[in-house]
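K.L.:
fold the following.
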Amino acid sequence: MNSLFPMLAVLIWSANTVVSKAAAQALDPAAISFYRWLVAAVILTPLCLRPLLRQWRAIRPWLGRFSVLAVLGMVMFQCLAYYAAHSTSATNMGVICALVPLLGLALSAVAFRQPVGAHALFGVAVSLLGVCYLLGQGRPLSLLDGGVNHGDALMLIGSLSYALYGILLRRWAPPFGSWTNLYVQVLLAVLMLVPVALSAHSLAVPPQGVGLVAFAGIASSVLAPYLWMRGIQRLGSERTAIFMNLLPLFTALIASALLGETIHDYHWLGGGLILLGVSLSQGGWAKLRGAFKPA
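P.N.:
Okay, here's the model as predicted:
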């Protein structure tokens, strides 16, 4: 029963990837980027405003760090995802998102001098092979001629941004409680997205876009984080993180059912190699080897 919390959170985030793709046909990406976090701020205010005001003096010195987190995790990652949706599939977006743990490992090694073991390096190599296979649509060498699809490139940059967000969030560990930490970042993101929204061709939300904005702002930005935090409380962070490996599978299945996207062989093979590499980089090889040791 405890595993239901993170699984539902991942299911919602997977559906939101499909929502991002559907929104490309109905809303300006700058508009939905702004409305998503505005809706989340409105929903969170009754719950979080009073705790924020009580801790305001302690929070003020943290505003610089909170601003960096808001830029990386809410402004860049989500904006780039909405723009990427105009030129890549929801299935590709979900598979590329699976790279976040691996990108975090690489950033930790390069930027923070964190040692990387042999198993992690092997995992990186396996995942990179999967990325090339996926982005080359089964023909990795074609990337040398045609390069990477524009939408896939934006999604890769967004995933890199989110990986850095995760690293800094863990290193800084703001001590104000999960909901207050989230609320401060949401408020800052809304402010930062005002200029982005003003650059939109249109801020109008057509009837078919209302549900998309509501899902992104309520289900994906408030409900899913709540479920994820409950999962961490019940299962611990390491066991909960494993459920993120389901995101590309859920995204592909939802995109196939709702958007009619075709799941090709290169999605299965490329995505499988990426997830295998992520698992190996996180110590999965040692666990696998241990499972086959004689008792």
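K.L.:
now the residue nearest to A106 when sequence neighbours are not counted: how far from L99?
P.N.:
In this structure, A106 finds its nearest non-sequential neighbour in V124, 6.7 Å apart by C-beta to C-beta, 6 or more residues apart in numbering. The way it works is simple: take the backbone N, C-alpha and C, and place the C-beta from them, glycine included. The spacing between V124 and L99, counted by C-beta to C-beta, to the nearest Å, is 10 Å.
K.L.:
P248 against L99, yeah?
P.N.:
No: at 9.7 Å, P248 does not count as touching L99 under the criterion of C-beta atoms under 8 Å.
K.L.:
ok so, going back, report the contact partners of the residue nearest to A106.
P.N.:
V124 makes contacts with L102, L105, A106, G277, S281, as judged by C-beta atoms under 8 Å, 6 or more residues apart in numbering.
K.L.:
retrieve the pLDDT associated with it.
P.N.:
Per-residue pLDDT puts V124 at 72.
K.L.:
quickly note the distance from A214 to V205.
P.N.:
For A214, the distance to V205 - C-beta to C-beta - is 10 Å.
K.L.:
quick one: which two of the contacts of V124 are the most distant?
P.N.:
Maximum pairwise distance in the contacts of V124, criterion C-beta to C-beta, is 11.4 Å, between A106 and G277.
K.L.:
who has more neighbours, those two?
P.N.:
G277 (26 against 18; other C-beta atoms under 10 Å).
K.L.:
V196: what's it in contact with?
P.N.:
A30, S33, F34, V75, C79.
K.L.:
next, count neighbours for A153.
P.N.:
Residues near A153, counting by other C-beta under 10 Å: 17.
K.L.:
ok, and what's touching the helix or strand containing it?
P.N.:
In this structure, A153 sits in helix 150-172 according to DSSP states H and E. Outside of helix 150-172, the residues that reach it under the criterion C-beta under 8 Å, 6+ apart are 65, 68-69, 72-73, 76-81, 83-88, 92-93, 96-97, 99-101, 103-104, 106-108, 111-112, 135, 148.
K.L.:
now the buried members of those residues.
P.N.:
Among the contacts of helix 150-172, those classed as buried by 16 or more other C-beta atoms under 10 Å are 68-69, 72-73, 76-81, 83-85, 88, 92-93, 96-97, 99-101, 103-104, 106-108, 135, 148.
K.L.:
other SSEs contacting the helix or strand harbouring F66?
P.N.:
Per DSSP H and E, F66 falls inside helix 63-70. Applying 3 or more C-beta pairs under 8 Å, 6 or more residues apart in numbering; DSSP states H and E, we find helix 63-70 packed against helix 150-172, helix 178-198.
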